[in-house]
Each structure stands twice: as C-alpha cells, then as structure tokens.
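1. Next comes the sequence, and after it the predicted model I'd like to discuss.
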Amino acid sequence: MELYAVLQITWWLLLGVLLIGLAVMVGMDMGVGTILRYVGRTDLERRVALNIIGPHWEGNQVWFVLGGGAVFAAFPLIYATAFSGFYVVMLLLLWSMIMRPLGFEYRSKLPSAAWRGTWDWALFISGLVPMVVFGAAFGNLFHGAPFQFSWNLTSTYTGSFLGLLNPFAILCGLLSVALSVFMGSATVMNGAVDVIYERARTLARLSAALAIVLFAIGGIWVRGMQGFVLTSSPAPGVAQTPLQQGVSLVDGAWFGNFHAHPLLWIVPVLGFAGMLLGLLAAAARRSHLAWWLGAVAWLGVIGTAGVALFPFLLPSSSMPAQSLTVWNSSSSQLTLTWMVGFAAVFVPLVVWYTSWAFYVMRGKVKAEHVAADEHAY
C-alpha cells in the first residue's frame with residue numbers, strides 16, 4: 001500500500017479516536033448537566049453535582065478543538081461542505097454550548113432561587129442539545145446529506161434543518177443522550193455520597209438499559225437501509241475528486257464491511273458489552289469500573305458507525321456519485337505527514353494531563369465542603 005493511502009487510513013482512525021475522546025469526556029460533563037435537576041433536588045445538592053465535574057469540564061472542551069482541527073486540516077473538503085451546509089445546526093450547537101460556561105460561572109453568584117433555577121435549566125439544555133446533535137449527525141451519515149458539487153468543487157446544500165430530524169437520526173440522538181447520561185451518572189457516583197449517589201446509580205442503570213435497546217434497534221434499522229457502495233474511482237496517480245467516481249445504492253450495503261471482514265464484528269460486540277457490563281457494574285456499586293465500561297461502549301458505538309460507513313465520510317443523498325470518502329476529501333501527503341507528527345506529540349499530552357487532573361482531583365465532594373467554600377460553583 002502506498003504511503004499516502006496509509007496516511008489517509010491513519011487519519012481516518014485518528015479522527016475516530018478524537019470523536020471517541022470527545023464523546024467520552026465532553027459527553028461525561030454534558031451528562032452531568034442533563035441529569036442535574038434529577039440528582040440534585042435542592043440547591044446544595046445541585047452544587048455538589050456541579051463541583052464534581054467543576055475541575056474538569058473546561059479541560060474536556062479541548063476534545064472539541066482537536067476534533068474540529070483534525071477535520072479542518074486532514075479532511076478540508078469535509079469541513080467546508082459540512083460546516084457550510086449544516087450552518088443552522090452549527091449555530092444551534094454553538095448557542096447551546098455558549099450557555100454552558102455561563103451556567104457554571106454565574107449560577108451561584110446570586111442567592112435568588114429563580115436565578116439559580118434559570119441557570120439549572122440552561123445547563124440542562126446545554127448538556128442535552130449538543131449530545132442530540134452529535135448522535136443525529138451520525139444518523140444522517142447513513143442516509144446521506146443532500147449536497148452536490150459544481151465543476152470547481154463548490155458545494156451546494158439543498159436540504160433543510162427539519163430534514164435532518166428524520167426518525168433514524170432522532171434514534172441516534174437518543175442513543176447519544178443515553179450514553180452521555182450513563183457517563184454523567186457514573187461520574188456523579190464517583191464523586192457523590194448518600195442520596196445523590198443513589199439517584200445517579202438509578203439513572204446509570206436505566207440509561208445503560210435504554211442504550212442497549214436503542215443500539216439494537218439501530219442495528220436492525222441499518223440492516224434494512226440502502227447503503228452506499230463505491231463502484232469506481234479515478235486511476236492510481238490521478239487526482240481523486242468526488243467528480244470522477246461511481247457510487248451505487250444497495251440494500252443492506254452498510255453491513256458489507258462486516259461481511260467481508262468478520263473480525264470487525266468485535267466492534268459492535270464491544271458496544272453491547274460495554275453497555276451491559278456497565279449496567280451490572282453500576283448495580284454492583286462499582287462506579288469507576290462503570291465509567292470505563294461506558295468509555296468502551298462509546299468506542300463500540302462510534303467504531304461500529306465508522307466501520308459500516310468506510311470509506312465514506314459524508315455520503316451525498318442528492319448526488320451519490322459525488323459522495324465524500326477517505327480517498328477524495330483528504331489533504332495532501334505532506335500535510336497528513338506533518339499532522340501525524342503533531343498528533344503523536346499532542347494527543348498523548350492531552351491524555352496525560354487529563355489523567356493527571358482526574359488523579360489529583362479524585363475523591364468525594366461533600367455538601368458541607370461545598371457550602372463552606374466561597375470559591376465553589
């Protein structure tokens with residue numbers, strides 16, 4: 001295999017790693033925001049939940065930067081097409097996430113119950129909406145997005161915002177929320193005691209069970225879908241563009257890679273195993289183990305989507321032959337080579353300092369400590 005193809009596959013894998021990191025770390029603190037009003041019935045209980053994630057939520061946002069930066073530099077045609085076509089969705093995501101830091105920083109600045117209640121709802125929305133969008137984005141990839149290119153590779157998006165809220169995308173969004181709630185619940189269990197711990201434990205079990213059901217339904221649904229199959233592409237040594245390839249729609253095609261390489265079935269099995277064992281770990285009060293199993297579940301879910309879609313990154317429903325793949329939407333060999341070097345330095349660095357921060361900030365957050373600390377959220 002040529003070096004360029006190796007680099008393209010490497011960056012497809014690294015993009016998957018970054019998306020999994022984003023789902024685990026950002027999904028974790030967004031999950032806490034989503035369940036805040038359930039695990040915390042009083043102002044002090046909600047402050048405890050916020051202070052469990054307080055030392056980490058800002059640092060977790062680095063996964064957004066890494067993911068966005070990777071798409072921009074490694075797959076610029078994906079970045080340009082998606083960010084221009086899905087502009088309304090991006091604004092929805094942006095505005096909901098702007099509420100997040102405001103909620104953390106301003107919620108406890110005033111003693112008013114109405115003030116704090118308003119920010120509690122803001123944290124709920126800023127935790128729920130991004131995870132729905134995250135899951136729905138994966139769901140829409142299986143249907144394809146309505147875009148096409150002109151002769152100079154200028155993309156035109158012909159869909160609507162409501163068109164993105166199709167039933168399968170909504171199911172994927174609910175699966176994303178369920179896994180986020182599970183991670184948030186396991187995180188609260190790690191840092192809380194007594195009644196807050198018990199409420200989080202209940203949510204962890206319920207969300208894991210829901211995720212198992214939704215993932216199974218999603219698999220059956222995809223099996224009956226029409227999938228995209230790459231039938232022809234430019235010859236080796238010729239510029240790979242979405243204007244010079246052939247794509248067919250075939251029933252059940254999204255299972256093609258699994259049938260061609262049966263070893264890949266281990267990926268969805270990891271997803272189911274992470275959810276089921278995570279449920280059992282939460283029931284057995286093994287919250288740290290449950291958290292790690294939640295990460296395995298995310299790996300299995302996102303990995304399953306990636307394997308099923310490969311080599312497609314952004315299929316086109318309006319012009320299937322102009323779908324974007326790993327081969328026709330990546331940067332140059334030189335760019336990908338430099339980026340591998342940067343990733344080899346910065347991704348382990350991010351993992352290291354994140355692990356260090358969680359180790360240093362480990363332990364239980366108790367109500368009396370929060371009440372006595374004027375700097376607490």
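-> Yep, it's here. Numbering: from 1, shown residues only.

2. Surely M361 is in contact with P55?
-> Yes: the pair M361 and P55 qualifies as a contact (CB atoms under 8 Å) at a distance of 4.4 Å. (C-beta placed from N, C-alpha, C; glycine too.)

3. all strands for the chain, in order.
-> In the chain, the strands defined using DSSP state E lie at 147-149, 155-157, 226-232, 246-251, 312-314, 324-325.

4. contacting residues for the nearest residue to G135 once chain neighbours are set aside?
-> Among residues not flanking G135 along the chain, S176 sits closest, at 2.7 Å (CB to CB, 6 or more residues apart in numbering). Going by CB atoms under 8 Å, 6 or more residues apart in numbering, S176 touches 23, 27, 131-132, 134-136, 138.

5. now with 6 Å?
-> Going by CB atoms under 6 Å, 6 or more residues apart in numbering, S176 touches 131, 134-135.

6. What does the pLDDT read for it?
-> If you check S176, the pLDDT there is 96.

7. Equivalent analysis for the one 5 residues further on, please.
-> In this model, V181 is scored at 97, pLDDT.

8. and if you look at the one 5 residues further on?
-> According to the per-residue confidence, A186 scores 96 in pLDDT.

9. I'd say it and L293 touch.
-> No: judged on CB atoms under 6 Å, A186 makes no contact with L293 at a distance of 8.5 Å.

10. Compare those two and say which is more crowded by neighbours.
-> Taking neighbours as other CB atoms under 10 Å, A186 and L293 compare with A186 leading, 30 against 23.

11. For the more buried one, give me its contacts.
-> Contacts of A186 (CB under 6 Å, 6+ apart): 204, 287, 290-291, 294.

12. so V26 makes contact with V62?
-> No: applying CB under 6 Å as the test, V26 and V62 come out as separate, 9.3 Å apart.

13. quick one: which of the two has more around it?
-> Shown here are V26 and V62; by other CB under 10 Å, V26 has more neighbours (25 against 17).

14. any idea how far that one is from V181?
-> 14 Å (CB to CB, to the nearest Å).

15. Can you give me the distance of the residue nearest to G135 to V307?
-> S176 is 18 Å from V307, by CB to CB.

16. ditto for T202
-> From T202 across to V307, the span is 33 Å (CB to CB).

17. So between those two, which is more surrounded?
-> V307 (19 against 15).

18. nearest residue to S329 other than its sequence neighbours?
-> Nearest residue to S329, sequence neighbours excluded (CB to CB, 6+ apart): L77, at 4.0 Å.

19. Tally up the residues packed near the one you found, please.
-> For L77, the neighbour count with other CB under 10 Å is 21.

20. returning to that earlier point: comparing the strands of the chain, which yields the minimum mean pLDDT?
-> strand 155-157 (a mean of 85).

21. which residues of the chain score low on pLDDT?
-> For the chain, the stretches with pLDDT under 70 are 1, 235-238.

22. contacting residues for the closest residue to F182 other than its chain neighbours?
-> Spatial nearest neighbour of F182, chain neighbours left out: S207 (4.2 Å); criterion: CB to CB, 6+ apart. With contacts defined as CB under 6 Å, 6+ apart, S207 is in contact with 178, 181-182.

23. Adding distance to N257, write the contacts of A186 out as JSON lines.
-> Listed next are these as JSON lines, based on distance: CB to CB, whole Å:
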{"residue": "A204", "distance to N257": "32"}
{"residue": "S287", "distance to N257": "35"}
{"residue": "A290", "distance to N257": "30"}
{"residue": "W291", "distance to N257": "30"}
{"residue": "G294", "distance to N257": "25"}
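
24. just to revisit the earlier point, can you list the contacts of S176 in TSV and add distance to S232 and neighbour count?
-> Below are these laid out as TSV (distance: CB to CB, whole Å; neighbours: other CB atoms under 10 Å):
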residue	distance to S232	neighbour count
M131	38	26
F134	33	23
G135	32	28
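
25. Filter these down to the ones in helices?
-> Applying DSSP state H to the contacts of S176, the entries found in helices are 131, 134-135.

26. ok, so of those residues, who is nearest V48?
-> Of all the ones in helices among the contacts of S176, V48 sits closest to M131, with 22.3 Å by CB to CB.

27. Please report how far the closest residue to V129 other than its chain neighbours lies from E45.
-> Among residues not flanking V129 along the chain, S96 sits closest, at 4.1 Å (CB to CB, 6+ apart). Noted for S96: a distance of 24 Å to E45, by CB to CB.

28. cool, and A282?
-> From A282 across to E45, the span is 19 Å (CB to CB).
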